[in-house]
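Engineer: Quick one, what's the 3D model for this:
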Amino acid sequence: MARKKEKQTYRADMTLLALVLLLVVFGLVMLFSTSEYNGRVRFHDSAYYFKKQLFATALGLLAMYVVSRMDYRFFARLAPAAYLLSMGLSTAVLLFGQEINGSKRWLNLGPLSFQPSEFAKVAVILFLAWQIDRTERNTAGFWFMCRTMLTLLPIVGLVGSNNLSTAIIILGIGVILIFVSNPKYAQFIGLGAAGVGFVAVFLAAESYRLERLAIWRNPEKYEKGFQTIQGLYAIGSGGLFGRGLGSSLQKLGFVPEAQNDMIFSIICEELGLVGASALIVIFGLLLWRLCVISLHSRDLLGSLICAGIMGHMAIQVILNIAVVTNTIPNTGITLPFISYGGTSVVFLLGEMGLALSVSSHNQPPPAYDRR
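Structural biologist: Numbering: from 1, shown residues only. Model prediction:
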């Protein structure tokens, strides 16, 4: 009986796991299709980007398995240390980071490069969940909102100095966790106004950010609008069913670094509106499953962790697709599980491991044990 109960306790959410694996496989296939030309031209290896992403994905899947088998409360206890470490790493980026395309976002660790901003997202989710859980349900009132957001300002300032998009995601995660834990909604009007003001200050602090606004409004007038225009050409030329997998023309140097932020435009070109819509539906199902796990968690901590992961995924997917379709200015946000980026996929899969841990440790007791 005890052995059967232990198996029930650690049963993973198979729906979430299947959706994650589906996205991972789809991402690898589309990454190879999108990056083979760039890999062949730049590195004389059409599978160059694919092999690096495959290695990172394998590490991420291992991390997801290990994390899912551990109690998420263990990681919550490490949250303050993780948050301080994320600030230390973000400071190190400003001082010693490698500059690529005008931005310092990477730390070199021997032959490997590491993007601390990806770690910061996970650290913020755990830290805010731990902090709110320790308030002992005293989550109402404007002071709770201010106190929680103030704890985010150091990491937002460090990350936002070179990576505005990640700073916006971190702020969004904070707002979502406050929203799900605060029973009063009217106060969010003031919080929203403060957030808009904060973003406006960051936009005005650097001239290139204001330039992005101008490019967004009229990309044809600026040389830097070339990527946006070519991405829109790719989306439009895909039609309903697309040109076919591997048959994109825009990836042949017309969309710069197509395997990164603009990969959704190549998906639209090769798989058409049907393929792009199917991908959006899968993301929607993933968010739904995370919401279900959050709602069924038997403690506030697990519920907040899953809500934070769900918020992170939702914000990043929406912002990436909005950028590619020129709905908002270009902010340099990757598409989760699909865009090229080893650090991103490792930590995203680690987050999925946390969600699986919450689901497995909150299973109802077996029917024969209910009394």
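
Engineer: alpha carbons only for contacts and neighbour counts from here, please
Structural biologist: OK.

Engineer: Could you check the pLDDT of Gly231?
Structural biologist: With respect to pLDDT, Gly231 has a value of 88.

Engineer: ignore the last one, Arg3
Structural biologist: 43.

Engineer: Check Asn362 too.
Structural biologist: So, for Asn362, pLDDT stands at 71.

Engineer: and it, how many neighbours does it have?
Structural biologist: By the criterion of other C-alpha atoms under 10 Å, Asn362 has 19 neighbours.

Engineer: cool, Phe74 as well?
Structural biologist: Phe74 has 10 nearby residues by other C-alpha under 10 Å.

Engineer: what's the answer for Ile282, then?
Structural biologist: Using other C-alpha under 10 Å, Ile282 has 15 other residues around it.

Engineer: so it touches Leu21, yeah?
Structural biologist: No. The criterion here is C-alpha atoms under 8 Å, and Ile282 misses it with Leu21 at 11.0 Å.

Engineer: so where does Ala276 fall, helix or strand?
Structural biologist: Assigned by DSSP states H and E, Ala276 belongs to helix 263-296.

Engineer: now swap in Ser113 and tell me
Structural biologist: Using DSSP H and E, Ser113 falls within strand 112-114.

Engineer: what comes into contact with that strand?
Structural biologist: Here strand 112-114 makes contact (C-alpha atoms under 8 Å, 6 or more residues apart in numbering) with Trp106, Leu107, Asn108, Thr343.

Engineer: for the stretch 151-300 of the chain, which spans come out with low pLDDT?
Structural biologist: 183-188, 190-195, 197-211 (pLDDT under 70).

Engineer: Please pull up the helix or strand immediately following the strand holding Ser113.
Structural biologist: As assigned by DSSP H and E, the chain's next helix or strand after strand 112-114 is helix 116-133.

Engineer: quick one, strands of the stretch 201-350 of the chain?
Structural biologist: With DSSP state E, counting those that start in this stretch as the criterion, the stretch 201-350 of the chain has no strands.

Engineer: Same check on the stretch 1-150 of the chain?
Structural biologist: So, for the stretch 1-150 of the chain - with DSSP E, counting those that start in this stretch - the strands run 98-100, 103-109, 112-114.

Engineer: can you tell me the average pLDDT over the first one?
Structural biologist: Over the span of strand 98-100, the pLDDT mean works out to 67.

Engineer: one step back: now the contacts of strand 112-114 in CSV, with distance to Val67 and pLDDT?
Structural biologist: Output for the contacts of strand 112-114, formatted as CSV (distance: C-alpha to C-alpha, whole Å; pLDDT from 0 to 100):
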residue, distance to Val67, pLDDT
Trp106, 25, 75
Leu107, 24, 78
Asn108, 25, 75
Thr343, 16, 89
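
Engineer: are any of those buried, and which?
Structural biologist: Neighbour-count burial (16 or more other C-alpha atoms under 10 Å) applied to the contacts of strand 112-114 gives Trp106, Leu107, Thr343.

Engineer: Can you list the buried residues in stretch 45-62?
Structural biologist: For stretch 45-62, burial by neighbour count (16+ other C-alpha under 10 Å) applies to 46-50, 53-54, 56-57, 59-62.

Engineer: Alpha carbons of it, as CSV, please.
Structural biologist: The C-alpha coordinates for stretch 45-62 follow below in CSV (Å, rounded to 0.1, in the frame of the first residue of the first chain):
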residue,chain,number,x,y,z
ASP,A,45,28.1,23.2,-41.5
SER,A,46,24.4,23.3,-42.3
ALA,A,47,23.7,21.6,-38.9
TYR,A,48,25.9,24.0,-36.8
TYR,A,49,23.1,25.7,-35.0
PHE,A,50,21.0,22.5,-34.8
LYS,A,51,23.8,20.6,-33.1
LYS,A,52,24.4,23.3,-30.5
GLN,A,53,20.7,23.6,-29.8
LEU,A,54,20.3,19.8,-29.6
PHE,A,55,23.1,19.7,-27.0
ALA,A,56,21.4,22.4,-24.9
THR,A,57,18.1,20.7,-25.3
ALA,A,58,19.5,17.5,-23.9
LEU,A,59,20.9,19.3,-20.9
GLY,A,60,17.5,21.0,-20.5
LEU,A,61,15.6,17.8,-20.6
LEU,A,62,18.0,16.3,-18.0
